[in-house]
Structures are given as C-alpha cells and as structure tokens.
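A.B. asks: The following comprises the amino acid sequence and a computationally predicted model.
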Amino acid sequence: MNGSLPKPASGTSASSSGEKVVLFDNVCLAFDENVVLDGVSFELAHGETKALFGVAGSGKSVILKLTLGLIKPDSGQIWVLGQEVSALREEDLFEVRRRVGMVFQESALFDSLTVRDNVAFRLIEEGQTPQEQIEDRVREALRFVELEHTMDMLPSELSGGMRRRVAIARAIITQPELLLYDSPTGGLDPITSTTIVELIVKQRDVYKSSALLVSHRLQDAFTMASHYFDRTTNAMRVVPPDARERIPMSFLLLRDGKVILDGSGHELAASRDDYIREYIS
Amino acid sequence: MGSEGFQFTSPAEFAKEKVQAVQDYCLLAARSVANLFSTPRYTADTLQQADLIGVGSLPIVMLASFAIGFVLALQTANTLQRFGSLSMIGQLVSLSMVRELGPLISGLMVAGRNASGIASELGSMTVTEQIDAMRALGTDPTKKLVTPRVVSTVIMLFFLVIISDLMGLFGGSVVATVLLGLDARQYWTSAWDNLVFDDVVMGLIKPPVFGFIIATIGCFYGLTSRGGTQGVGRATTQAVVAASVLILSTDAVITRILMLSNVGLR
C-alpha cells in the first residue's frame, strides 16, 4: 500500500532544480489605507501543496489573485513557473495563466454555458484540440470529479458542492502545472467537503500538481497532510505516522499582512506562538 | 441591504477618480479597436451580439421612429398650412429624419435597451468573478466580450438608422395622406427630391459613432461595477445616462463640424 505514497520531498524536482513553481519576494499590497500584504515572502516547490490560513481579510485570496496576475502588487516580486508575473503586461500574462488552473471561491462558472462548455472552455479557446478530443477530455475531467452525468446541465441546476466539483474539472482539464484553490470547501457540508478534499488529494498524488490552497478549515488541510490517494481502491487512505513527512504538504499562516508561520503540519502543531496556538485550538 | 453608506471625498480625490475613470474608459475603447487586428477573432460571438442588439432592437426603433415622424408631421402641419406650404411637409419630415432625428432616436433607443443590457450582463459576470475566471482561463475578456459587442453595435446601428429614417417618413406620410388629405405621390416626391448626398452623409456618419459610444460605455460600466447586485443596478443606470448624454453631445459636435466643413450646409 505504501507503494502508492508520494515520494520523499527531497526527491522532488523543485529541490533538485532549485526552480520554484511560485516565489513571493517581499510582496506588499494595500487597498487605499488598508494594508493587505506587508512584505510577504514564501516559496512553493514542484509537487507541493501549500495551505494558506488566516482570519477573514488577511489577504489569502489576494495571494492567489496576485499569483495569477489578476491584480498587481504595490512592491515586491512574484515569480510563477519561471516568469515574473508582477512585471508582465496583461497580454503577456495569458500565456502563464494557461499553465495555471484556479478554482474560485464561489466556483465562478459561466452561468450561460452548460457544464460541458464550462469545462471545455479553455480547450475551445485555445483552438488546438479537435472537437471529438474535447468531448473525450471533458468526459474524463468530469469523471474525475464524478459528475459525468451533468454534462448538459446549466450551473444553476447544480448544488453548491457540484458546482465546486465542476470548477475543479474546469481547472484541471489541461492538467496545469499549478493549481490555485480559493476556499474550495467553504460553505459546504462535511460530507461534500470531504469529497472535495479527496479530489484535491487525488490531484496532488495522481497528477503531482503543485497547489496553493486557501482555506478556513484547518481540519481539511490536516486531512490532506495525513492522507494519500490510493489508486487501487480509488479512495483516500491514512498515511502511517512514520511516513507523514513524505506528504508534500505545508502550511502558511498570515496575520496582519505578514507571514507568521511557513512550515509543515508538525511545525504548525508544535508552535509555541500564542496566536497560532489560539488559531489551531 | 448591504449599503456602503455615504462617504465624503475630497475634491482632489473626486477629480482624481474621474480622471482615472476617463483614462480607463479611453484605454478600454482603444483596446476594443486594437483587438480587431489580432487573433483570436470571435465571429460567432459577434454574430450572436448582432442578432441580440440589432434584430432585437428593431421593433422599438421602428415604433419610436414611426411615432416621431407621425407627430413631427402633425405638429408642423399647422404652421406650414398658415404659410401655404403644406406641400413641403414631405421635405420637412425627410430632412429632419435623415439628418438628425433618425440617428438620434435610434441611438437613444439602442442606448436605453443595449447599454443597460451590456452593463448588467458584464456587471453580473464581474461581481460573480466570471470575468476573473475568464482571465484566469487565459482568455482576454476585452477580446471575447467587448470587441464583439462594439463591432456588432456599430454595424447594426448603421442599418437600424436607415430603417428608422424610412419608418419616420412612413409615419409622416400617414399624417399627410390620411389626416391632411395630401397626395401620397406628392409627399414621397417632395421627401425624396429634396434629399441630397450631404444630408445622407450627415445622417449616416453619426450611427457608427453612436454605436461605438453605446457599446464601449456599456462594457466599461459593466466591467467596472462593484458591490454586488446593487452595484450592477448602479452600473446599468449610469451606463444608460452616460451613453445618452454622450450621444446628445456628440451629435451636436458632429453636426457642427459637418456644417463647418460644408457637408450638409443648406
């Protein structure tokens, strides 16, 4: 069973190549008088999933939007997949964005398009995939999130959890090198949340995607850090305690626009910082 | 209702915001044109918008133009009769409709119907993060959403104005023949013979400009809407007001320029 576990972190290409998937270097951003990020720096290695935490308004979602170049920082540098997105023009950013998938907080599905067209959107726009292949890949992506039967439905006909899963299918259809999840389990019931968490773990362990995950639910991130996806049973399984460090999962905690912790789940749990202890309690 | 509450802004801040908005609008308008010269081109989206904007606006434009031609003939008949010039009613209606009222009425009608429609559609997409999702998926919203709307509004308004002119003339002819007892042939001959090339030029230069204003203003207010459903409602109202005001003021400027350059100076 352990043969399905992710390889040790030291073997990841990030460590060997030295090139990071995402690199934030002293990034600052303020909206009018409100300072959202104040000198934020962190790195995301290949194959790693980093969970971003912090109270509401601490700038977690802003970090995802900065990563995609949807907004620009006031100062500092942001590198994504070897490109400095903080310095690229909007026209040049589209090339980087095609290598990144994002799941928005409220799914952000195109409400006038069917599930099929939503999921196929990127392939249709790129215009390089034959129609029959698009159909196959849409089916494959929807099968991944177990929603193949919803192809011809409109987003308004789906439940919140289903919309979130369609958003994941839309994000992964081109197998991007980096995935950004903005509160993928927010507002969902525990059972649906577990389904979403399982999909994220599956994506991490089967396709080895790197990911930034914004969440309000610590238990989701701890589940991801303590489980792996077993392909033989097509389900999540608990990682033996002695193999936990092999899960490519880290935690980043924000407070007042600054990073107060960037490390493993073990470091988070062992922290003696009062604020962190209160946060995780 | 989630009201943000009233906030006082300093005059400098207010001026800065307005200058910034004008700059953003100009950039969006310029990009909507620049997109024509780069790929991808969204022909299917443009045709769909042409149907929605052009064909969809046909009934209201026809009705409004007919009514304007009708009342124009009705209101001026008394004065013309006093000077014994009732036979000139065809000329009066045709010149008024072709040079001024056709483009203006069509522009205002399409602004009311489509600037609001575009602003509310794009505004809803903005506040539900669909525009951000589109950018995140590697698609430029100005290419996919703005340029097709601009192209289709510019082209369709041109043809709507021609139809509007005809409907206005038809409205005038109903008054002239049914209510005033004039000969239909006399009315249409007077309307047709007195039209010269400059009149047509003046009437057909305006619709592409008005179409450009309607579409770009609608898109601008839609893409910059903030604050949920209330913000979308505000953007929709502002789009109609701004488009109407711009159409009226641009109409005055174009008319004056054409007259100075002797086009349409009679």
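C.D. replies: Yep, that arrived. Predicted model, so just to flag it, every value in this text is computed and none were measured. Residues are numbered from 1 along each chain as shown, chains lettered A, B, ... in the order given.
A.B. asks: Help me confirm that B:Phe158 comes into contact with B:Pro207.
C.D. replies: Yes: taking CB atoms under 8 Å as the definition, B:Phe158 is a contact partner of B:Pro207 at 4.7 Å. C-beta: built from backbone N, CA, C; applies to glycine.
A.B. asks: what's the neighbour count on the residue of the stretch 151-281 of chain A found nearest chain B?
C.D. replies: Chain B sits closest to A:Arg170 of the stretch 151-281 of chain A, with a gap of 7.5 Å, by CB to the nearest CB. Burial of A:Arg170 is recorded as 31 neighbouring residues (other CB atoms under 10 Å in any protein chain shown).
A.B. asks: Could you do A:Val145 as well?
C.D. replies: Around A:Val145 there are 23 residues (other CB under 10 Å).
A.B. asks: what's the helix or strand for the nearest residue to it once chain neighbours are set aside?
C.D. replies: Excluding its sequence neighbours, the residue lying closest to A:Val145 (CB to CB, 6 or more residues apart in numbering or on different chains) is A:Arg165, at 4.0 Å. Using DSSP states H and E, A:Arg165 sits within helix A:160-172.
A.B. asks: Where does A:Gly186 sit: helix, strand or coil?
C.D. replies: What DSSP: H, G, I helix; E, B strand; the rest coil gives for A:Gly186 is coil.
A.B. asks: close enough to count as contact, it and A:Ser107?
C.D. replies: No: counting by CB under 8 Å, A:Gly186 does not reach A:Ser107; the two are 10.5 Å apart.
A.B. asks: more neighbours, these two?
C.D. replies: Higher neighbour count among A:Gly186 and A:Ser107: A:Ser107, with 26 against 17, using other CB under 10 Å.
A.B. asks: roughly how far apart are the more buried one and A:Arg163?
C.D. replies: Using CB to CB, to the nearest Å, A:Ser107 is found at 4 Å from A:Arg163.
A.B. asks: what about the strands in the chain?
C.D. replies: In the absence of a named chain, chain A is used. Assigned by DSSP state E, chain A shows strands spanning A:22-31, A:34-44, A:49-53, A:75-80, A:83-84, A:100-103, A:178-182, A:210-214, A:227-230, A:235-238, A:249-255, A:258-263.
A.B. asks: mind saving the C-alpha coords of the fourth one as PDB?
C.D. replies: In this case it means strand A:75-80. Coordinates of each C-alpha in strand A:75-80 appear next as PDB, following Å, rounded to 0.1, in the frame of the first residue of the first chain:
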ATOM      1  CA  SER A  75       6.000  46.400  -4.500                       C
ATOM      2  CA  GLY A  76       7.900  43.200  -4.400                       C
ATOM      3  CA  GLN A  77       8.300  40.400  -7.000                       C
ATOM      4  CA  ILE A  78       6.200  37.400  -7.800                       C
ATOM      5  CA  TRP A  79       7.600  34.600  -9.900                       C
ATOM      6  CA  VAL A  80       5.300  31.900 -11.300                       C
END
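A.B. asks: hmm, back to that, who touches both of A:Ser107 and A:Arg163?
C.D. replies: A:Pro155 (CB atoms under 8 Å, 6 or more residues apart in numbering or on different chains).
A.B. asks: got a list of contacts for the top helix by length along chain A?
C.D. replies: Counting residues, the longest helix in chain A under DSSP state H turns out to be helix A:190-207. Under the criterion CB under 8 Å, 6+ apart, residues A:4, A:6, A:47, A:49, A:144-145, A:159-161, A:164-165, A:168, A:172, A:175, A:179, A:181, A:184-185, A:188, A:209, A:211, A:213, A:217, A:220, A:223-224, A:227-229, A:231, A:235-236, A:248-249 lie in contact with helix A:190-207.
A.B. asks: Give me the buried subset of the residues you listed.
C.D. replies: Burial by neighbour count, 16 or more other CB atoms under 10 Å in any protein chain shown: within those this picks out A:6, A:47, A:49, A:144-145, A:161, A:164-165, A:168, A:172, A:179, A:181, A:184-185, A:188, A:209, A:211, A:213, A:217, A:220, A:223-224, A:227-229, A:236, A:248-249.
A.B. asks: okay, the strands of chain A in TSV with distance to chain B and mean pLDDT next?
C.D. replies: Shown next, in TSV, are the strands of chain A (distance: least, CB to the nearest CB, whole Å; pLDDT from 0 to 100):
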stretch	distance to chain B	mean pLDDT
strand A:22-31	12	95
strand A:34-44	14	94
strand A:49-53	17	94
strand A:75-80	12	96
strand A:83-84	14	94
strand A:100-103	4	95
strand A:178-182	8	95
strand A:210-214	13	95
strand A:227-230	25	90
strand A:235-238	27	90
strand A:249-255	21	93
strand A:258-263	24	92
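A.B. asks: for the ones you listed, which one ends up most surrounded?
C.D. replies: strand A:100-103 (a mean of 28; mean count of other CB atoms under 10 Å in any protein chain shown).
A.B. asks: Which neighbouring elements make contact with that strand?
C.D. replies: The contact analysis (3 or more CB pairs under 8 Å, 6 or more residues apart in numbering or on different chains; DSSP states H and E) places strand A:100-103 against helix A:160-172, strand A:178-182, helix B:130-136.
A.B. asks: in its sheet, what does it sit against?
C.D. replies: Strand pairing for strand A:100-103, using DSSP bridges, gives strand A:178-182 (parallel).
A.B. asks: before we move on, the earlier item: for the residue of the stretch 151-281 of chain A closest to chain B, what are its contacts?
C.D. replies: A:101, A:109, A:118-119, A:121-122, A:141, B:137 are the contacts of A:Arg170 under CB under 8 Å, 6+ apart.
A.B. asks: which residues in the stretch 1-150 of chain A form helices?
C.D. replies: All helices of the stretch 1-150 of chain A, identified by DSSP state H, counting those that start in this stretch, fall at A:13-17, A:60-67, A:90-97, A:115-126, A:131-144.
A.B. asks: Any idea how far the second one is from the middle of the chain?
C.D. replies: Taking the mean of its C-alpha atoms, helix A:60-67 sits 11 Å from the chain's own mean (CA atoms, centre = their mean, to the nearest Å).
A.B. asks: And the contacts of that helix?
C.D. replies: Contacts of helix A:60-67 (CB under 8 Å, 6+ apart): A:22, A:24, A:27, A:29, A:36-37, A:40, A:52-54, A:71-73, A:78, A:80, A:85-86, A:100, A:102, A:105, A:178, A:180, A:182-183, A:212, A:214, A:254, B:132.
A.B. asks: can I have that helix written out in CSV, keeping just the CAs?
C.D. replies: Written as CSV, here are the backbone C-alpha positions of helix A:60-67 (Å, rounded to 0.1, in the frame of the first residue of the first chain):
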residue,chain,number,x,y,z
LYS,A,60,-5.3,34.8,1.4
SER,A,61,-7.4,35.1,-1.7
VAL,A,62,-5.4,38.2,-2.7
ILE,A,63,-2.3,36.0,-2.8
LEU,A,64,-4.0,33.7,-5.3
LYS,A,65,-5.1,36.6,-7.4
LEU,A,66,-1.5,38.0,-7.3
THR,A,67,-0.2,34.7,-8.3
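A.B. asks: pLDDT on that helix, on average?
C.D. replies: The predicted model assigns helix A:60-67 a mean pLDDT of 95.
A.B. asks: could you check the angle strand A:210-214 makes with that helix?
C.D. replies: Taking axes from the mean of the first three to the mean of the last three CA atoms, to 10 degrees, helix A:60-67 and strand A:210-214 form an angle of 140 degrees between their directions.
A.B. asks: Helices of the stretch 101-250 of chain B, start to end?
C.D. replies: Counting by DSSP H, counting those that start in this stretch, the helices of the stretch 101-250 of chain B are B:102-110, B:116-127, B:130-136, B:141, B:147-174, B:184-193, B:197-223, B:228-260.
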